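Chemist: Give me the fold of what follows.
(one chain, ligands or ions: 1)
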Amino acid sequence: MRASQKDFENAMNQVKLLKKDPGNEVKLKLYALYKQATEGPCNVPKPGVLDFINKAKWDAWHALGSLPKETSRQNYVDLVSSLSASSESSGQVTPAADRKQPGSDALVVTSQDGITTITLNRPDKKNALTPQMYHDIMLALEAASKDDSAIAVLTGNGDYYCSGNDLTNFTDIPPGEVEDRARSGAVLLRDFVDCFIDFPKPLVAVVNGPAVGISVTLLGLFDIVYATDRATFHTPFSHLGQSPEGCSSYTFPKMMGPSKVIFGNLKTKCNVISIPKATEMLVFGKKLTAREACTQGLVTEVFPDSTFQKEVWVRLKAYSKLPPNAMRISKQVIRNREKEKLHAINAEESSILQERWLSDECMNAIVNFLSKKAKL
Ligand SMILES: CCCCC/C=C/C(=O)SCCNC(=O)CCNC(=O)[C@H](O)C(C)(C)COP(=O)(O)OP(=O)(O)OC[C@H]1O[C@@H](n2cnc3c(N)ncnc32)[C@H](O)[C@@H]1OP(=O)(O)O
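Modeler: Reported below is the predicted structural model:
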C-alpha cells in the first residue's frame, strides 16, 4: 500500500517526537527523502567542498537520483516508523541495529556485539558498486566512525566479495557530458577513498569470495583482511584501459616489497626475471590466489571456505571486546603519519583516472564487456 500525503505528514510530526537522536546518517537520509518526496530529484547547485554540512545534505539528496516522489514518500514513512518502533522498544543503545538503507537494498548495515558490518548486497551482479552504493558506503562509514561500535567490517553477500566498479556506470552518458561525468566520477572516487583513509576505528575486510578492481586496491587501507581460500584478488586495470586507485600505487609496492629476483633454470640458461609483485598485479593484471595475496602481505590470514564465517566472526567478536579507545589510538599511532601522503596520492590517482576514462582504450574495454565480448 502506498503512503498517502496524510501518512507523510504524520511521519514528519513523528520525527519531532523521537526519544533518541537517530544520528547523522539517518538524519541525512530523512532529509534526502523529504526533499525528493516534496521537490523531486536534486536540482540545485552542489555546495563548495568546505561547506561540509550542506555538501553532505546535497550528496544525500543527489544520491537518490530519479527515485519517484511517491517511492520517496513511502521510504520516508517506512524509515520513520522503524525509528519510532526502535526508540519505543528496548531502549537499546545500538544505533545501527539491523538497519537497512532505504532507497537502496544494495547495502545492508547492521550493528551488533560492538561490530558495525557493512554488507554489499547485489549478489546477482557480483556486488558491483553503483554510484548509490559509493555514497551509501561513505554515509555508513561516517556513521560507524561515530557510533558505539568498536570495529567496522566490510563484506559481501553471495559468492563474490565485490566485482569492482559497476561498468554500466559508464553507459547512458549523453554526448557532450562525457567530460563532466569523468570529472564527477573522479570527485566521487577521491571522496570515497578519503573516507577509508580517515576511518578512525579498526577496519576489517571479510573477503568472502573473489575481489576485483577497487575492492582489491582499497584493502591496503584496511587494518585486517581475512579471506576465504576461495577468494582471488584481481586488478585488471590495463585490460580496462584504466589505472590504479585506492592508493594502491603506494600501498601495494610498500607492502609487497622490492623486486623479487627469480633465476631461470641454469641448464636452459633462462634470463633473470625481476618484476615487483605489485607491478605484476597493477600493471599486468595478474590475479592472485588468497594464499599468494597472504604471502604478499595484502591478506592477513586465509581460512578454509567451509569454516570461514564461523572462525572469522568468533575472532572479530573477541577483538570487539577490547577497550575501544585504546584500539582507536593505536590505529592512529600506526596510520597518522601516512595520512597526508595517502590523501595526496589519492588525489593524484583520481585525476589520472579521470583522464583514462576519456581514453579510447577505456571506452573500447567497457563496450567489449557490455557487449559480452570480454570477461576477465
Ligand atoms: C567512481 C569510482 C570509480 C572507481 C574505479 C574502479 C575501477 C574498478 O573497479 S575496475 C574493475 C571493474 N570490474 C570488472 O571489470 C569486472 C567485470 N566483470 C566480470 O568480468 C565478470 O562479471 C566476473 C569475472 C566478475 C564474474 O564472471 P561470472 O562468474 O561469469 O559472472 P557474470 O559475468 O555472469 O556476472 C553476473 C552478472 O553480474 C554482472 N557484473 C559482474 N560484474 C560487473 C561489473 N563490474 N559491472 C557491471 N556488471 C557486472 C554481469 O554483467 C552479469 O550480469 P547479467 O548478464 O545481467 O546477469
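Chemist: what's the longest helix in this protein?
Modeler: Secondary structure of the chain read by DSSP state H shows that its longest helix is helix 324-357.
Chemist: Report the mean per-residue pLDDT for that one.
Modeler: Across helix 324-357, pLDDT averages out at 97.
Chemist: Name the residues of that helix that are buried.
Modeler: If you call a residue buried by 16 or more other CB atoms under 10 Å, then helix 324-357 has these buried ones: 324, 327, 331, 335, 338, 342-343, 345-346, 349-350, 353-354, 356-357. The way it works is simple: take the backbone N, C-alpha and C, and place the C-beta from them, glycine included.
Chemist: Check stretch 146-153 too.
Modeler: Across stretch 146-153, burial judged by 16+ other CB under 10 Å covers 147, 149, 150, 151, 152, 153.
Chemist: same deal with stretch 313-323?
Modeler: For stretch 313-323, the buried set under the neighbour-count rule, 16+ other CB under 10 Å, comprises 313, 316, 320.
Chemist: Contacts only, for the residue nearest to residue 239 when sequence neighbours are not counted.
Modeler: Spatial nearest neighbour of residue 239, excluding adjacent residues (CB to CB, 6 or more residues apart in numbering): residue 285 at 5.3 Å. With contact set as CB atoms under 8 Å, 6 or more residues apart in numbering, residue 285 has these partners: 234, 235, 236, 237, 238, 239.
Chemist: Now do the SS call for the fourth one.
Modeler: When you say that, I think you mean residue 237. What DSSP: H, G, I helix; E, B strand; the rest coil gives for residue 237 is coil.
Chemist: List the buried residues in the helix or strand hosting residue 292.
Modeler: In this structure, residue 292 is located in helix 290-295 according to DSSP states H and E. For helix 290-295, a neighbour-count test (16+ other CB under 10 Å) marks 290, 292, 293, 294 as buried.
Chemist: related to what we said a few turns ago, tell me the helices and strands packed up against the longest helix of the chain.
Modeler: Applying 3 or more CB pairs under 8 Å, 6 or more residues apart in numbering; DSSP states H and E, we find helix 324-357 packed against helix 178-198, helix 248-256.
Chemist: How far does it sit from its chain's centre?
Modeler: Here helix 324-357 shows a centroid-to-chain-centroid distance of 15 Å under the convention CA atoms, centre = their mean, to the nearest Å.
Chemist: Give me the helices and strands touching the helix or strand following that helix, please.
Modeler: Using DSSP H and E, the helix or strand that follows helix 324-357 in sequence is helix 360-370. Using 3+ CB pairs under 8 Å, 6+ apart, no helix or strand is in contact with helix 360-370.
Chemist: May I have helix 360-370 as CSV, with CA atoms only?
Modeler: C-alpha atoms of helix 360-370 as CSV (Å, rounded to 0.1, in the frame of the first residue of the first chain):
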residue,chain,number,x,y,z
ASP,A,360,39.7,5.1,-26.4
GLU,A,361,41.4,2.2,-24.6
CYS,A,362,39.0,2.5,-21.7
MET,A,363,35.9,3.1,-23.8
ASN,A,364,36.7,0.1,-26.0
ALA,A,365,37.1,-2.1,-22.9
ILE,A,366,33.8,-1.1,-21.5
VAL,A,367,32.0,-1.6,-24.8
ASN,A,368,33.6,-5.1,-25.0
PHE,A,369,32.4,-6.0,-21.6
LEU,A,370,28.9,-4.7,-22.1
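Chemist: Columns distance to the ligand, mean pLDDT and mean neighbour count on top of the helices and strands packed on helix 324-357, output as a markdown table?
Modeler: As requested, those are arranged in a markdown table below (distance: least, CB to the nearest ligand atom, whole Å; pLDDT from 0 to 100; neighbours: other CB atoms under 10 Å):
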| stretch | distance to the ligand | mean pLDDT | mean neighbour count |
| --- | --- | --- | --- |
| helix 178-198 | 4 | 96 | 18 |
| helix 248-256 | 11 | 95 | 20 |
